[in-house]
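J.: Fold the following.
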Amino acid sequence: MLSHFKGVPFTDVRYFEWHEFPLKTLNIRAENLVSLKLPGSNVEQLWDDVQNLVNIKEIDLHGSKQLSKLPDLSQARNLERLKLDGCSSLMETHSSIQYLNKLEVLDLRLCESLRSLPDTICSESLFELRLWGCLNLKNFPEISSSHIHFLDLYECGIEDMPLSIECLSKLNSLDIHNCTRLEYIKSSIFKLKSLKHIEISSCSNLKRFPEISSSCNREGSTGIEKLPLSELYQLELKNSSRLESLPSSLSILKSLQIRGCPKLESLPDELGNLKALEELRVEETAIRGIQKALC
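T.: Next up is the predicted model:
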């Protein structure tokens, strides 16, 4: 066990940073540690036992390609940032991360071996969740935080979106790219009052885009101008080879871009009634004509 560092007892160390740390484990007592940064390290696991990490606020292990598992972090009650991007050997996170109530940032980009996350992430402080490049991740956790503004699901293995996505009330941008197992997107995204931009591209198994249901209306009216998603101004659908239809209720849009959807044979008839639409681009589809209302 590492007990001293430059003559100082390790239990007194508060900030520890070592780029390309060479050892396979950091077997320490870290009761007073506030920040631990080991980017690009050779660590396979930090430690075996449950540490009293009540003071720690940041753990940064990004680029530690040998890291295979996380320790029990149940005592890290004040942890705010957990950066694991580029930990390509990490297959699962510890279940304790779902109870880190002060967690603000969870960065798992390019964790290519990651197969699962806890079913729920309970932190209401979470504002950044990054899952880009998690090719083998099949489940998207239920999230209780309402502070997430941006969600990028680039090259994820997820098969479905959680119902809790409707709780991301401050989400203004949703990007779903190359999620080849994703077949459906729940209509609950239309309950997102702040959502302004949706981009869906290269989701080769996506069969349809959800209809805007009147049940999403906060006031019970079917008037499209009163739908919660009234701030959505841009929808992009690209390279979705199985997409066959679009929802009829799109009159809230200012920009609609469709490219590389070879099974899409027609646009909704209601498209000609769009008062807000300023830009319409349609390329590489099976559409052979347009409605008279668009002429």
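J.: got a list of contacts for stretch 147-162?
T.: Outside stretch 147-162, the residues within contact range by Cβ atoms under 8 Å, 6 or more residues apart in numbering are 124-143, 168, 170-186, 188-189. Yep, even glycine has a C-beta here, placed from its N, CA and C like the rest.
J.: Quick one: end-to-end length of that stretch, please.
T.: One end of stretch 147-162 sits 17 Å from the other (Cα to Cα, to the nearest Å).
J.: Okay, and which of the contacts of stretch 147-162 map to helices?
T.: Among these, no residue falls in helices (DSSP state H).
J.: Show me which of the residues you listed are buried.
T.: Those of those that meet the buried threshold are 126-135, 137, 140-143, 168, 171-172, 174-179, 181-182, 185, 188-189, by 16 or more other Cβ atoms under 10 Å.
J.: about what we covered before: can you flag which of the contacts of stretch 147-162 belong to strands?
T.: Glu128, Leu129, Arg130, Glu142, Ile143, Ser173, Leu174, Asp175, Ile176, His177 (DSSP state E).
J.: which two in those residues are spaced the farthest apart?
T.: Glu142 and His177 (22.2 Å; Cβ to Cβ).
J.: mind listing what Cys87 touches?
T.: Neighbours of Cys87 in contact, by Cβ under 8 Å, 6+ apart: Leu61, His62, Gly63, Ser64, Lys65, Leu67, Leu108, Cys111.
J.: which of these are buried?
T.: In the contacts of Cys87, the ones that pass as buried (16+ other Cβ under 10 Å) are Leu61, His62, Gly63, Ser64, Leu67, Leu108, Cys111.
J.: helix, strand or coil for the fourth one?
T.: Judged by DSSP: H, G, I helix; E, B strand; the rest coil, the three-state class of Ser64 is coil.
J.: Let me see the confidence value for it.
T.: Predicted confidence (pLDDT) for Ser64: 98.
J.: give me the element the residue lying closest to it once chain neighbours are set aside is part of.
T.: The shortest distance from Ser64 to any non-neighbouring residue, by Cβ to Cβ, 6 or more residues apart in numbering, is to Ser41 (4.5 Å). Under DSSP states H and E, no helix or strand contains Ser41.
J.: how close does Ser41 sit to Thr180?
T.: Taking Cβ to Cβ, to the nearest Å as the measure, Ser41 falls 32 Å from Thr180.
J.: And for Leu256?
T.: 24 Å.
J.: same question, Asn32
T.: 46 Å.
J.: same thing with Arg77?
T.: 38 Å.
J.: what does Asn136 give?
T.: Counting by Cβ to Cβ - Asn136 and Thr180 are separated by 12 Å.
J.: Likewise for Leu277?
T.: Leu277 is 30 Å from Thr180, by Cβ to Cβ.
J.: same deal with Ile165?
T.: 20 Å.
J.: still on that earlier bit, possible to save the buried ones among the contacts of Cys87 as TSV with distance to Ile287?
T.: Formatted as TSV, those follow (distance: Cβ to Cβ, whole Å):
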residue	distance to Ile287
Leu61	49
His62	44
Gly63	45
Ser64	49
Leu67	48
Leu108	38
Cys111	39
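J.: Pick the one among these closest to Glu92.
T.: Nearest to Glu92 among the buried ones among the contacts of Cys87, with distances taken as Cβ to Cβ, is Cys111, at 9.8 Å.
J.: From what I see, the closest one and Glu92 are in contact.
T.: No: counting by Cβ atoms under 8 Å, no contact exists between Cys111 and Glu92, whose distance comes to 9.8 Å.
J.: one step back: of the buried ones among the contacts of Cys87, which is the nearest to Glu199?
T.: Leu108 (20.5 Å).
J.: Surely that closest one and Asp85 touch.
T.: Yes: applying Cβ under 8 Å as the test, Leu108 and Asp85 come out as touching, 6.6 Å apart.
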